[in-house]
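A.B. asks: Sharing a model that was predicted from the sequence below.
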Amino acid sequence: MAILQWVPLLLALFLLGNEALATVFILQNSCDFTIWPGTITANGPINLAEGGFTLQPGEFRILNAPPGWSGRFWARTNCNFHVSGTGRCTTGDCGLLTCTGGAVPPVTLAEFTLNGADGNDFYDVSLVDGYNVGILITPTGGTGSCQIPGCQSDLNESCPPELQIVDLYSGNVVGCKSACEAFKTDAYCCTGDHGLASTCSPTHYSQIFKQACPKAYSYAYDDATSMCTCSGTDYNILFCPFVRD
(Lines give C-alpha, C1' and ligand atoms only; values in the text may rest on other atoms or scores of the structure.)
Protein backbone atom coordinates (compact mmCIF):
# COMPACT_ATOMS: atom_id res chain seq x y z
CA MET A 1 0.00 0.00 0.00
CA ALA A 2 1.41 3.34 -1.07
CA ILE A 3 0.58 5.20 2.12
CA LEU A 4 2.70 2.93 4.30
CA GLN A 5 6.40 3.38 3.85
CA TRP A 6 8.00 0.23 5.23
CA VAL A 7 11.64 1.00 4.37
CA PRO A 8 12.15 3.32 7.37
CA LEU A 9 10.51 0.77 9.64
CA LEU A 10 12.70 -2.11 8.47
CA LEU A 11 15.80 0.07 8.69
CA ALA A 12 14.89 1.11 12.21
CA LEU A 13 14.36 -2.44 13.35
CA PHE A 14 17.70 -3.44 11.81
CA LEU A 15 19.50 -0.61 13.56
CA LEU A 16 17.81 -0.95 16.91
CA GLY A 17 17.37 -4.69 17.17
CA ASN A 18 15.28 -5.86 20.08
CA GLU A 19 16.12 -3.05 22.45
CA ALA A 20 15.00 -4.15 25.90
CA LEU A 21 12.26 -2.28 27.71
CA ALA A 22 11.95 0.48 25.09
CA THR A 23 9.03 1.16 22.80
CA VAL A 24 10.20 2.40 19.41
CA PHE A 25 8.29 5.17 17.68
CA ILE A 26 9.08 5.97 14.04
CA LEU A 27 7.72 9.37 13.00
CA GLN A 28 7.61 9.79 9.23
CA ASN A 29 6.67 12.78 7.10
CA SER A 30 4.60 11.71 4.11
CA CYS A 31 3.42 15.30 3.53
CA ASP A 32 4.64 17.23 0.51
CA PHE A 33 5.77 20.04 2.85
CA THR A 34 8.01 20.36 5.89
CA ILE A 35 6.52 19.66 9.31
CA TRP A 36 7.86 20.21 12.81
CA PRO A 37 6.66 17.32 15.01
CA GLY A 38 6.02 18.22 18.62
CA THR A 39 6.15 15.85 21.59
CA ILE A 40 4.97 16.16 25.15
CA THR A 41 5.24 13.74 28.05
CA ALA A 42 2.24 13.55 30.39
CA ASN A 43 3.91 11.67 33.23
CA GLY A 44 7.49 12.89 33.46
CA PRO A 45 9.75 15.93 33.16
CA ILE A 46 11.56 14.97 29.93
CA ASN A 47 9.94 15.12 26.49
CA LEU A 48 11.05 12.72 23.77
CA ALA A 49 13.41 14.37 21.24
CA GLU A 50 13.53 17.35 23.64
CA GLY A 51 10.00 18.27 22.63
CA GLY A 52 10.29 18.90 18.90
CA PHE A 53 12.29 18.79 15.68
CA THR A 54 12.08 19.28 11.91
CA LEU A 55 11.08 16.67 9.31
CA GLN A 56 11.45 17.38 5.62
CA PRO A 57 9.15 15.53 3.16
CA GLY A 58 10.05 11.83 3.13
CA GLU A 59 12.22 12.01 6.26
CA PHE A 60 11.70 9.98 9.41
CA ARG A 61 13.00 9.97 12.97
CA ILE A 62 13.28 7.17 15.52
CA LEU A 63 12.39 7.79 19.17
CA ASN A 64 12.64 5.43 22.15
CA ALA A 65 10.11 5.70 24.97
CA PRO A 66 10.67 4.16 28.43
CA PRO A 67 8.20 1.69 29.98
CA GLY A 68 5.04 3.37 31.22
CA TRP A 69 5.54 6.46 29.06
CA SER A 70 2.44 8.53 28.35
CA GLY A 71 2.27 11.44 25.95
CA ARG A 72 1.37 12.95 22.62
CA PHE A 73 2.82 13.61 19.17
CA TRP A 74 1.57 16.14 16.62
CA ALA A 75 2.65 18.02 13.51
CA ARG A 76 3.28 21.75 13.36
CA THR A 77 3.02 23.53 10.02
CA ASN A 78 4.37 26.74 8.45
CA CYS A 79 6.90 27.37 11.22
CA ASN A 80 9.60 30.00 11.51
CA PHE A 81 12.15 29.73 14.30
CA HIS A 82 14.97 32.02 15.40
CA VAL A 83 18.42 30.63 16.20
CA SER A 84 17.37 30.84 19.85
CA GLY A 85 14.62 28.26 19.19
CA THR A 86 11.75 30.68 19.68
CA GLY A 87 9.24 31.19 16.91
CA ARG A 88 5.73 30.60 15.67
CA CYS A 89 3.81 28.03 13.60
CA THR A 90 0.52 28.51 11.77
CA THR A 91 -0.89 25.31 13.28
CA GLY A 92 0.12 23.16 16.25
CA ASP A 93 2.18 25.98 17.75
CA CYS A 94 3.89 25.70 21.14
CA GLY A 95 6.07 28.83 20.90
CA LEU A 96 9.39 26.96 20.72
CA LEU A 97 11.16 24.52 18.41
CA THR A 98 11.49 22.18 21.42
CA CYS A 99 8.05 22.24 23.04
CA THR A 100 7.70 22.42 26.81
CA GLY A 101 3.89 22.49 26.68
CA GLY A 102 1.03 21.34 24.51
CA ALA A 103 -0.15 22.51 21.11
CA VAL A 104 -2.48 25.39 20.32
CA PRO A 105 -5.65 24.04 18.64
CA PRO A 106 -6.65 23.12 16.03
CA VAL A 107 -4.29 20.15 15.92
CA THR A 108 -4.49 16.42 15.23
CA LEU A 109 -3.02 14.37 18.09
CA ALA A 110 -1.47 10.90 18.35
CA GLU A 111 -1.91 9.87 21.99
CA PHE A 112 -0.25 6.98 23.86
CA THR A 113 -0.16 5.39 27.30
CA LEU A 114 2.31 2.51 27.36
CA ASN A 115 2.17 -0.55 29.64
CA GLY A 116 -1.17 0.35 31.18
CA ALA A 117 -3.88 -1.94 32.54
CA ASP A 118 -3.11 -5.64 32.00
CA GLY A 119 0.18 -4.65 30.32
CA ASN A 120 -1.60 -3.09 27.35
CA ASP A 121 -0.65 0.05 25.47
CA PHE A 122 -3.60 2.41 24.93
CA TYR A 123 -3.40 4.66 21.89
CA ASP A 124 -5.56 6.76 19.57
CA VAL A 125 -5.69 9.54 17.01
CA SER A 126 -7.75 12.43 18.32
CA LEU A 127 -9.65 15.23 16.59
CA VAL A 128 -11.06 16.50 19.89
CA ASP A 129 -8.71 19.51 19.59
CA GLY A 130 -9.49 19.91 15.88
CA TYR A 131 -7.48 18.97 12.81
CA ASN A 132 -4.42 20.26 10.98
CA VAL A 133 -2.85 17.25 9.19
CA GLY A 134 -3.76 13.58 8.83
CA ILE A 135 -2.10 10.96 11.07
CA LEU A 136 -2.03 7.16 10.90
CA ILE A 137 -0.70 4.92 13.70
CA THR A 138 0.46 1.42 12.71
CA PRO A 139 1.59 -1.03 15.42
CA THR A 140 4.34 -3.43 14.35
CA GLY A 141 4.30 -6.83 15.97
CA GLY A 142 2.74 -7.18 19.37
CA THR A 143 -0.28 -9.11 20.60
CA GLY A 144 -3.93 -8.24 21.05
CA SER A 145 -6.31 -6.44 18.74
CA CYS A 146 -3.62 -3.91 17.68
CA GLN A 147 -5.89 -1.76 15.54
CA ILE A 148 -4.68 0.92 13.10
CA PRO A 149 -6.33 4.23 14.07
CA GLY A 150 -6.01 7.42 12.14
CA CYS A 151 -7.42 10.12 9.93
CA GLN A 152 -6.68 9.55 6.24
CA SER A 153 -9.05 12.24 4.94
CA ASP A 154 -7.98 15.84 4.42
CA LEU A 155 -10.48 17.57 6.69
CA ASN A 156 -9.15 20.95 5.65
CA GLU A 157 -10.85 20.36 2.29
CA SER A 158 -14.26 19.59 3.83
CA CYS A 159 -14.13 21.79 6.94
CA PRO A 160 -17.29 23.89 7.50
CA PRO A 161 -16.59 27.62 6.97
CA GLU A 162 -17.32 28.48 10.61
CA LEU A 163 -14.55 26.10 11.76
CA GLN A 164 -11.88 27.01 9.22
CA ILE A 165 -8.44 28.44 9.95
CA VAL A 166 -7.29 30.27 6.83
CA ASP A 167 -3.68 31.22 6.14
CA LEU A 168 -3.59 34.98 5.56
CA TYR A 169 -0.86 34.79 2.93
CA SER A 170 -1.94 31.84 0.79
CA GLY A 171 -5.68 31.97 1.44
CA ASN A 172 -5.64 28.18 2.00
CA VAL A 173 -7.50 26.40 4.77
CA VAL A 174 -4.74 25.05 7.05
CA GLY A 175 -6.76 23.89 10.04
CA CYS A 176 -10.25 22.88 11.13
CA LYS A 177 -11.34 23.88 14.64
CA SER A 178 -13.35 21.63 16.90
CA ALA A 179 -16.82 22.93 17.70
CA CYS A 180 -15.66 23.32 21.31
CA GLU A 181 -12.83 25.64 20.26
CA ALA A 182 -15.09 27.58 17.89
CA PHE A 183 -18.19 28.03 20.08
CA LYS A 184 -17.00 27.24 23.66
CA THR A 185 -20.31 25.83 24.91
CA ASP A 186 -20.76 23.01 27.42
CA ALA A 187 -22.61 20.88 24.87
CA TYR A 188 -19.73 21.03 22.40
CA CYS A 189 -16.97 20.82 25.04
CA CYS A 190 -18.50 18.05 27.21
CA THR A 191 -18.28 20.27 30.28
CA GLY A 192 -20.72 21.50 32.92
CA ASP A 193 -24.07 19.74 32.63
CA HIS A 194 -22.65 17.84 29.64
CA GLY A 195 -19.55 16.62 31.47
CA LEU A 196 -20.45 12.92 31.61
CA ALA A 197 -20.59 10.26 28.92
CA SER A 198 -24.33 9.97 29.60
CA THR A 199 -24.91 13.68 29.01
CA CYS A 200 -22.42 14.44 26.24
CA SER A 201 -23.60 13.18 22.87
CA PRO A 202 -22.22 13.46 19.33
CA THR A 203 -23.03 16.75 17.63
CA HIS A 204 -23.49 17.78 14.03
CA TYR A 205 -19.85 18.85 13.90
CA SER A 206 -18.39 15.78 15.59
CA GLN A 207 -20.40 13.63 13.17
CA ILE A 208 -18.74 15.46 10.25
CA PHE A 209 -15.35 14.55 11.74
CA LYS A 210 -16.45 10.96 12.39
CA GLN A 211 -17.76 10.44 8.89
CA ALA A 212 -14.48 11.67 7.41
CA CYS A 213 -12.26 9.80 9.91
CA PRO A 214 -14.18 6.88 11.47
CA LYS A 215 -11.08 5.55 13.29
CA ALA A 216 -10.31 8.78 15.17
CA TYR A 217 -11.81 10.42 18.24
CA SER A 218 -14.42 12.94 17.13
CA TYR A 219 -15.50 14.12 20.60
CA ALA A 220 -14.48 13.50 24.21
CA TYR A 221 -16.52 10.33 24.84
CA ASP A 222 -15.97 8.64 21.48
CA ASP A 223 -14.11 5.75 23.16
CA ALA A 224 -15.99 2.77 21.72
CA THR A 225 -14.78 3.23 18.14
CA SER A 226 -11.56 5.13 18.77
CA MET A 227 -9.47 3.77 21.67
CA CYS A 228 -7.04 1.02 20.63
CA THR A 229 -4.99 -1.49 22.63
CA CYS A 230 -1.93 -3.60 21.88
CA SER A 231 0.86 -5.21 23.89
CA GLY A 232 4.59 -5.59 23.21
CA THR A 233 4.66 -3.54 20.02
CA ASP A 234 6.46 -0.62 18.38
CA TYR A 235 4.66 2.08 16.40
CA ASN A 236 4.94 3.80 13.03
CA ILE A 237 3.36 7.28 13.03
CA LEU A 238 2.74 8.57 9.51
CA PHE A 239 1.86 12.20 8.89
CA CYS A 240 -0.31 12.93 5.81
CA PRO A 241 -1.29 9.29 5.15
CA PHE A 242 -3.48 10.21 2.20
CA VAL A 243 -4.37 7.75 -0.53
CA ARG A 244 -3.17 9.23 -3.80
CA ASP A 245 -3.75 8.09 -7.38
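C.D. replies: That came through fine.
A.B. asks: Give the full set of residues in contact with the residue of the chain positioned farthest from its centre.
C.D. replies: Most distant residue from the mean C-alpha position of the chain: Asp193, 28.5 Å away (C-alpha atoms, centre = their mean). By C-beta atoms under 8 Å, 6 or more residues apart in numbering, Asp193 lies in contact with 186, 199. The way it works is simple: take the backbone N, C-alpha and C, and place the C-beta from them, glycine included.
A.B. asks: doesn't it fall inside a strand?
C.D. replies: No - in this structure, Asp193 is helix, not part of a strand, as judged by DSSP: H, G, I helix; E, B strand; the rest coil.
A.B. asks: And it, what's its pLDDT?
C.D. replies: pLDDT, Asp193: 96.
A.B. asks: How about the one 10 residues further on?
C.D. replies: At Thr203, the model reports a pLDDT of 97.
A.B. asks: What sits closest to Cys228 if chain neighbours are left out?
C.D. replies: Nearest non-adjacent residue to Cys228, counting by C-beta to C-beta, 6 or more residues apart in numbering: Gln147, 4.2 Å away.
A.B. asks: just checking, that neighbour touches Lys215?
C.D. replies: Yes - counting by C-beta atoms under 8 Å, Gln147 touches Lys215, with 7.4 Å between them.
A.B. asks: Now Asn43: phi and psi?
C.D. replies: Backbone geometry at Asn43, expressed as degrees, to the nearest 10, gives phi -130, psi 30.
A.B. asks: Would you check that it makes contact with Gly68?
C.D. replies: Yes - Asn43 lies in contact with Gly68 (C-beta under 8 Å); the separation is 7.1 Å.
A.B. asks: more crowded one of the two?
C.D. replies: Comparing Asn43 with Gly68 by other C-beta atoms under 10 Å, the one with more neighbours is Gly68, at 13 against 10.
A.B. asks: contacting residues around that one?
C.D. replies: Residues in contact with Gly68 (C-beta under 8 Å, 6+ apart) are 43, 114-115.
A.B. asks: For the protein, give me the ranges with low pLDDT.
C.D. replies: Counting by pLDDT under 70, the chain contains low-confidence ranges at 1-21, 243-245.
A.B. asks: show me where this protein has helices.
C.D. replies: 6-16, 155-158, 179-183, 186-189, 204-212 (DSSP state H).
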